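**Q** attaching a predicted model along with its sequence, questions to come.
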Amino acid sequence: MEYSTSEMMAIAAARALSNEDVCFVGIGAPSEACSLARLTHAPDITLIYESGTIATRPAVLPLSIGDPELSETALTTVSVPEMFQYWLQGGRISIGFLGGAQLDRFGNINSSVIGSYERPKVRLPGGGGAPEIASQCGQTYIVMRQNRRTFVEQVDFITSFGYGRGGDHRQRLGITTLGPTLVVTDLCLLRPEPGTNELLVTSMHQNVTREDIMQNTGWPIRFAQTVEQTPAPTDTELEILRDLHARTKQAHAGKGLSDARAN
Amino acid sequence: MEYSTSEMMAIAAARALSNEDVCFVGIGAPSEACSLARLTHAPDITLIYESGTIATRPAVLPLSIGDPELSETALTTVSVPEMFQYWLQGGRISIGFLGGAQLDRFGNINSSVIGSYERPKVRLPGGGGAPEIASQCGQTYIVMRQNRRTFVEQVDFITSFGYGRGGDHRQRLGITTLGPTLVVTDLCLLRPEPGTNELLVTSMHQNVTREDIMQNTGWPIRFAQTVEQTPAPTDTELEILRDLHARTKQAHAGKGLSDARAN
Amino acid sequence: MTSFMSLQAAIAEYVQDGMTIALEGFTHLIPFAAGHEIIRQQKQQLCLIRMTPDLIYDQMIGMGCARRLIFSWGGNPGVGTLHRLRDAVEHGWPHPLELEEHSHAALANAYAAGAAGLPCAIFRGYLGSDLVGINANIRHIQCPFTGEQLAAVPAVRPDLTIIHAQRADRSGNVFIEGIIGVQKEAALAAKHVIVTVEEIVDDLRVPGPNATVLPYWTINAVVQVPNGAYPSYTHGYYGRDNAFYTAWDAIARNRETFLAWMCEHVLADPPASQSE
Amino acid sequence: MTSFMSLQAAIAEYVQDGMTIALEGFTHLIPFAAGHEIIRQQKQQLCLIRMTPDLIYDQMIGMGCARRLIFSWGGNPGVGTLHRLRDAVEHGWPHPLELEEHSHAALANAYAAGAAGLPCAIFRGYLGSDLVGINANIRHIQCPFTGEQLAAVPAVRPDLTIIHAQRADRSGNVFIEGIIGVQKEAALAAKHVIVTVEEIVDDLRVPGPNATVLPYWTINAVVQVPNGAYPSYTHGYYGRDNAFYTAWDAIARNRETFLAWMCEHVLADPPASQSE
């Protein structure tokens, strides 16, 4: 089956998840990847949203971090302070999913401003849960589209710390978690190089060339010694993903007050 | 009607409470006074136990701070950390009820040890919630039987701070609440003297003499300029109190496992 | 102690220009109707606190109610940025807007510290983040047992918190369930509290002994506003209008369409949330 | 991850001599059956943590399991003192017992800090109390915003926490309601967790979206022990045996009657809580 680069990105991210994972899920690409994993090879994966919903099993993708679907299908829903105190800071989350507007070669993420902080060219939404997701989850996976605006030589602002300036910078700040061990883009997978912690391309998606990747990266990107090829999406993966999107589209259309009250 | 000195003590304490009070209630005499107030002149009084039960309306006196009766009749029950964080420390309690093994003239309470802390003659249960009840409630009422073992020149250990060495000692420690504004005993009522904050006798119960009070106090006790006479218990007060005790006695007898399971 | 009031009377009595106020609700139970009434009463120079400003603060900022925003994530969830918030920050329209930016963990802890009567909250946060450098209210303390450095932020203590809830009983006790967010903390941290509710009932119908209930003596005003959270939602009553959240992006993108929408839907008419 | 185990196997696997363990339950849901199994397996030199030692720690101390006790109120509620605790402190029988004494506020905050992965808790406590002078684990920090001195205590992080709950589902998710005390915090603060439950069910039957549930991946062992909290109680299942709590005073008052009772009711027989 034909597929888009977005679909490849979602499917590649979903494949990185397992049944035993406890995931802190963000909206958008992370939510898509986690739901897809749950609907395919990881039916028992535990999904947690920062709105407080624990072990939620939404049938459609939530538009927001706190859609009704999330609490209605959760094992339980706790307060937001409890979520950040006992669950995230308490070390209960194995994988945190992050996105952002800019990423650098050491996995540092900017989701605050383009330009200077005081006089921003673009004021972005900000960090939300990310600064602590980045330091408190067992490891983080980053999902982002890759181009010269997003993969930059230097992020304008470090909202969420990855490997800082590389090497043992994380440890020197007293952070004990692994950090961004995987970056999934629409072109490839990247993983930190042992020692330097610089992100290297470790797998290229079908029909993507090294040239494509270099042209879409704002720093002189390096490739791992062995670069694998990401298996193409299977028909099953694509069908389940498309069903999910179709259900989602229907659910989000026209959920007006009168509709809701008619239920 | 005839009545005991214990009954007089409970009734005098109950009378000090009003409909608007939010009370942090301890087991024993405080519980008795608060329940009696609720069953007589203060039906809307809010009773809170440190087990987390908020606005509880027990029909019988609980034996423990966490009897089933308390949560079954409460508006809601919160966790113990929340109780101490949001409700007590949050400044939500107007009146805290305290008892203890020893009291001094400045309302300091010992409920930890008789003798030295390291080699105690008697190891008492300890402070529980009292050290923070004493500093965080709007004001505290103390209910204790009065004799030379309980009303002492100097407490062996300050578990819960009253007025310290008197005067503005409380303020000097940064405590902004009023402290022990009333002590109710089986003989009399005491209140802090403006300025010195030494406890003075302000009302004597029926048939109690100044001599009785002096003989039952371990320091040279002083009397307020005007000492009132505590009105005797009314028949209604006594009947309601005795009914409460009768119901309690019946409820606490033989609540074994087999009984409970037969329900 | 609680009074039952109209929304107009409650906002008139408890919101003064220049106050620090929090309208909380984490995606769920956002008090839109109360925010619209603040806009209608043309309150100004407010310091607004919310973890997620959402559409309601985009509207209040765009209508000129705010001088300062304390927040941790300022987007339209799943849709994009908040154009009115951006316009105020990037171009000072209609007024410049000061920002005090935190992470969710920081602000959630700060509300909890406010509810707990503490001057500050401590947590293991902001490690390596540039947010430390741009916010003077992010400081550090040292654990007196381990020596570890921990982040500290001041407690949030709003002059007024407004939340929306499922229902109140006739004494004014309020029940809330579903995604409860930081609403309990925001209410208990504030000097005054307004709660809008879907209904006022004889029996609060709590589902169990540990239901989230705010006793009447923690609340100043209870206001019945059916659909008072719309286009956010009320668990058990009505769903989130995701289509409207998506449509807001185009409405708010430029000043004229925004003002026209506000005139038509908030200023001119009784709000949609109350007219139905 | 959870295993379903017998009580004997769970205690044998997770309790080692010298460990720091917490059996929590604030009056309600005290895990008596688990404590009795610890006594039968003759575990020793334990550091026991409990806000309110209650009868279960009186029994464990009297049977020689403990070397140290971290607590905040050590009485028989509504009845009097704990004679075995007193005998250990006052006369060193059967072993001397070290005490680390706190207030409830301190210990509740310390459990919460443990659950939150923090090294310490801060609170406005111990003002003017002599407890500050006798416990080296009560220290102070200064608020970096107001300068106020606040009390600090180290987080409680037990090697093992044991709690009792209403029921678990077949995945091992645990539901708890009523007086929930510090059990959630005690469980989340610990390296390992054993939960005894009244029943194991197909459907957890939670009363609402915000019910207190511990997910299976926070628990190491789930053990079905009907009446496992007796003579404490389980909300919705059986009541507190206040008559037994009162009777305990005479039983525990001297060493002989205490040992005779323990021999007959705990050591010799399957425990009352399991035989009925």
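**A** Nice, I can see it. Residues are numbered from 1 along each chain as shown, chains lettered A, B, ... in the order given.

**Q** secondary structure class for A:Asn19?
**A** Here A:Asn19 is recorded as coil under DSSP: H, G, I helix; E, B strand; the rest coil.

**Q** again with the one 4 residues further on
**A** Reducing the assignment to helix, strand or coil with three-state DSSP, the entry for A:Cys23 is strand.

**Q** I'd guessed it sits against A:Leu17; true?
**A** Yes. A:Cys23 is within contact range of A:Leu17, at 6.7 Å (criterion: Cβ atoms under 8 Å). Backbone N, C-alpha and C define where each C-beta goes, glycine included.

**Q** what touches both of the two?
**A** Listed as contacting both A:Cys23 and A:Leu17 by Cβ atoms under 8 Å, 6 or more residues apart in numbering or on different chains are A:Cys34, A:Ile45, A:Ile95.

**Q** near chain B too, which of those residues?
**A** Taking Cβ under 8 Å from any Cβ of the partner chain, there is no overlap between those and the neighbourhood of chain B.

**Q** may I see these arranged in TSV, with pLDDT and secondary structure as well?
**A** As requested, those are exported to TSV (pLDDT from 0 to 100; DSSP: H, G, I helix; E, B strand; the rest coil):
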residue	pLDDT	secondary structure
A:Cys34	95	helix
A:Ile45	97	coil
A:Ile95	97	strand
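
**Q** among those, who's most crowded?
**A** A:Cys34 (31 neighbours; other Cβ atoms under 10 Å in any protein chain shown).

**Q** what sits against that residue?
**A** Per Cβ under 8 Å, 6+ apart, neighbours of A:Cys34: A:Ala14, A:Leu17, A:Cys23, A:Val25, A:Ile45, A:Leu47, A:Phe97.

**Q** let's see it at 6 Å
**A** Going by Cβ atoms under 6 Å, 6 or more residues apart in numbering or on different chains, A:Cys34 touches A:Cys23, A:Val25, A:Leu47.

**Q** same check on A:Thr230?
**A** Taking Cβ under 6 Å, 6+ apart, one finds A:Ala12, A:Ser203, A:His205 in contact with A:Thr230.

**Q** one more time with 7 Å, if that's ok
**A** A:Ala12, A:Leu189, A:Ser203, A:Met204, A:His205, A:Gln206 (Cβ atoms under 7 Å, 6 or more residues apart in numbering or on different chains).

**Q** can you name the two of the residues you listed that sit furthest apart?
**A** A:Leu189 and A:Gln206 (12.6 Å; Cβ to Cβ).

**Q** give the residue spans of the chain that score low on pLDDT.
**A** No chain was given, so I picked chain A. Across chain A, the ranges flagged by pLDDT under 70 are A:254-263.

**Q** um, chain C though
**A** For chain C (pLDDT under 70), the answer is C:269-276.

**Q** can you report how many residues lie near A:Lys249?
**A** 11.

**Q** how far away is it from A:Arg242?
**A** 10 Å (Cβ to Cβ, to the nearest Å).

**Q** do the same with C:Arg139
**A** Taking Cβ to Cβ, one finds C:Arg139 at 50 Å from A:Arg242.

**Q** just to revisit the earlier point, neighbour count: A:Leu189 and A:Gln206, which is higher?
**A** Neighbours per residue (other Cβ under 10 Å) separate A:Leu189 from A:Gln206, with A:Leu189 holding more: 24 against 12.

**Q** the nearest residue to that one once chain neighbours are set aside in helix, strand or coil?
**A** Leaving aside its chain neighbours, A:Leu189 sits nearest to A:Ser203 (4.1 Å; criterion: Cβ to Cβ, 6 or more residues apart in numbering or on different chains). What three-state DSSP gives for A:Ser203 is strand.

**Q** who does A:Ser203 form a beta bridge with?
**A** Beta-bridge pairing of A:Ser203 under DSSP bridges involves A:Leu189, A:Glu228.

**Q** from A:Glu32, how far off is it?
**A** Distance from A:Ser203 to A:Glu32, by Cβ to Cβ: 19 Å.

**Q** and C:Ala116, by the same measure?
**A** 38 Å.

**Q** then A:Asp104?
**A** 24 Å.

**Q** picking that back up, which of the shared contacts of A:Cys23 and A:Leu17 sits closest to D:Asp17?
**A** A:Ile95 (36.9 Å).

**Q** these two touch, right, that closest one and A:Cys137?
**A** Yes. Using Cβ atoms under 7 Å, A:Ile95 is in contact with A:Cys137, at 6.1 Å.

**Q** A:Ser203 and A:Glu32: which has the busier surroundings?
**A** Per other Cβ under 10 Å, whichever of A:Ser203 and A:Glu32 has more neighbours is A:Glu32, with 24 against 18.

**Q** check contacts around the residue lying closest to that one once chain neighbours are set aside.
**A** Nearest residue to A:Glu32, sequence neighbours excluded (Cβ to Cβ, 6+ apart): A:Ala10, at 4.6 Å. Residues near A:Ala10 by Cβ under 7 Å, 6+ apart: A:Ala29, A:Glu32, A:Ala33, A:Leu36, A:Leu241.

**Q** A:Ala10 falls within a helix, correct?
**A** Yes. Assessed with three-state DSSP, A:Ala10 lies in a helix.

**Q** that one and chain C, how far apart?
**A** Using Cβ to the nearest Cβ, to the nearest Å, A:Ala10 is found at 15 Å from chain C.

**Q** same check, this time on A:Gly167
**A** When A:Gly167 is compared with chain C (using Cβ to the nearest Cβ), they lie 14 Å apart.
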